[in-house]
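# Predicted model and sequence below, questions to follow.
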Number of protein chains: 2
Amino acid sequence: MKKKKAPERPTQCRVLIQGVRDTQDLLNGKWKTPIIGALYYRGKMRFMELRRELDGIAPKMLSQELKDLEMNHLVTRTVHNTMPITVEYELTEQGKSLNSIIDAMGRWGIKYREQMLRA
Amino acid sequence: MKKKKAPERPTQCRVLIQGVRDTQDLLNGKWKTPIIGALYYRGKMRFMELRRELDGIAPKMLSQELKDLEMNHLVTRTVHNTMPITVEYELTEQGKSLNSIIDAMGRWGIKYREQMLRA
DNA sequence: GTAACTAGTTACCAAAAGGTAACCATCAAT
DNA sequence: ATTGATGGTTACCTTTTGGTAACTAGTTAC
């Protein structure tokens, strides 16, 4: 029985790498993780609250990133008919489930920084 | 006793966010996680082995990314005086410790994709 | 009427990321 | 002498990212 030409990479592995890529794509850019973090720790927030919380983000970026997150079903946007209108952003269940990853990244980053300083 | 002006965000949280940012910076770009993944699952590898494994990466990018990873102490580079010379890249302990995160991202990504297809 | 808050949008610009193609030196085999 | 492997480098170009500044529209307070 002849071996097929160079398959060699387990499908399992390829699938995992695709998963990593997907996750990275959802979290790409400078602001996505801070936004998700803020929404996770503070709960639903309005546009201006987020702006103030994130400190330094331009409205253009915030709007853009929130749209991205919404399109990817990580955040919901709801308009309230108050005067003036207010808009609330909130994490979906999927969005919330990202927290374990973001948290792991946070802890790892802290440990890394410590070890770099120690060395 | 008067409150200080708008401190409000727990230091703990800021530190965590910084950690996330650090981690993201180390893993930024299209190729870092695949490279680390390959080195994790296959062990030490040579330049050309990595190139073939990663499928589609230009030598320029691979070289650049490996330099980055090396500078950040996630990968070591060792030259062997064979003929022709060979160069081996290997994960450091720090580099290996990233696997839990990359793995978590992979699993999350897979689950996310499933749920998106189901919906 | 003018300023300020709500939630954004638009035009413009600079920097970074990433790809292509060509090239380099060293060595081995044909 | 040419081909092909090793491990890269270089110049060039396009796309993406992210920032600034100005602007919109609706409502409220002074």
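Happy to help now that I have it. Numbers count the residues shown, from 1 in each chain, chains lettered A, B, ... in the order given.
# which SS class is residue A:30?
Recorded secondary structure, residue A:30: coil (DSSP: H, G, I helix; E, B strand; the rest coil).
# From the structure, what's the count of residues near it?
By other C-beta atoms under 10 Å in any protein chain shown, 13 other residues sit near residue A:30. Where C-beta positions appear, they are placed from N, C-alpha and C, glycine not excepted.
# Got phi/psi on it?
Backbone torsions of residue A:30, given as degrees, to the nearest 10, read phi -80, psi -30.
# quick one: contacts for it?
Neighbouring residues of residue A:30 by C-beta atoms under 8 Å, 6 or more residues apart in numbering or on different chains: residue A:61.
# Kindly state the pLDDT recorded for it?
At residue A:30 the predicted local confidence, pLDDT, stands at 97.
# Could you measure from residue A:59 over to residue B:81?
According to C-beta to C-beta, to the nearest Å, residue A:59 and residue B:81 sit 58 Å apart.
# So between those two, which is more surrounded?
Higher neighbour count among residue A:59 and residue B:81: residue A:59, with 10 against 6, using other C-beta under 10 Å.
# Return the residues of chain A in contact with DNA strand C.
Chain A comes close to DNA strand C at residues A:46-49, A:58-60, A:63-64, A:67, A:77, A:84-87, as judged by C-beta under 7 Å from any atom of the strand.
# Quick one, which of those are buried?
Those of these that meet the buried threshold are residue A:47, by 16 or more other C-beta atoms under 10 Å in any protein chain shown.
# Just the residues of chain A next to DNA strand C: which are in helices?
Members of those lying in helices (criterion: DSSP state H): A:47, A:48, A:49, A:59, A:60, A:63, A:64, A:67.
# which bits of chain A sit near chain B?
Along chain A, the residues adjacent to chain B under the rule C-beta under 8 Å from any C-beta of the partner chain are A:9, A:13, A:15-24, A:26-27, A:33-34, A:37, A:41, A:53, A:73, A:94, A:97-98, A:100-110, A:112-113, A:115-116, A:119.
# In ChimeraX, select just the buried ones from the residues you listed.
The ChimeraX command for the buried members of those (criterion: 16+ other C-beta under 10 Å) is given here:
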select /A:16,17,19,20,21,22,23,24,26,27,33,34,37,53,73,94,98,101,102,103,104,105,106,108,109,110,112
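# rewinding a little: of the residues of chain A next to DNA strand C, which one scores lowest on pLDDT?
The minimum pLDDT among those falls on residue A:84, with 85.
# what about residue A:102, distance to DNA strand C?
For residue A:102, the distance to DNA strand C equals 20 Å [C-beta to the nearest atom of the strand, to the nearest Å].
# my guess is that residue meets residue B:20, correct?
Yes: the criterion here is C-beta atoms under 8 Å, and residue A:102 meets it with residue B:20 at 5.8 Å.
# Next, show the common contact partners of those two.
Residues touching both residue A:102 and residue B:20 (C-beta under 8 Å, 6+ apart): A:33, A:37.
# Compute the inter-axis angle for the one helix or strand residue A:113 maps to and helix B:99-118.
Following DSSP states H and E, one finds residue A:113 within helix A:99-118. If you take axes from the mean of the first three to the mean of the last three C-alpha atoms, to 10 degrees, helix A:99-118 sits at 160 degrees to helix B:99-118.
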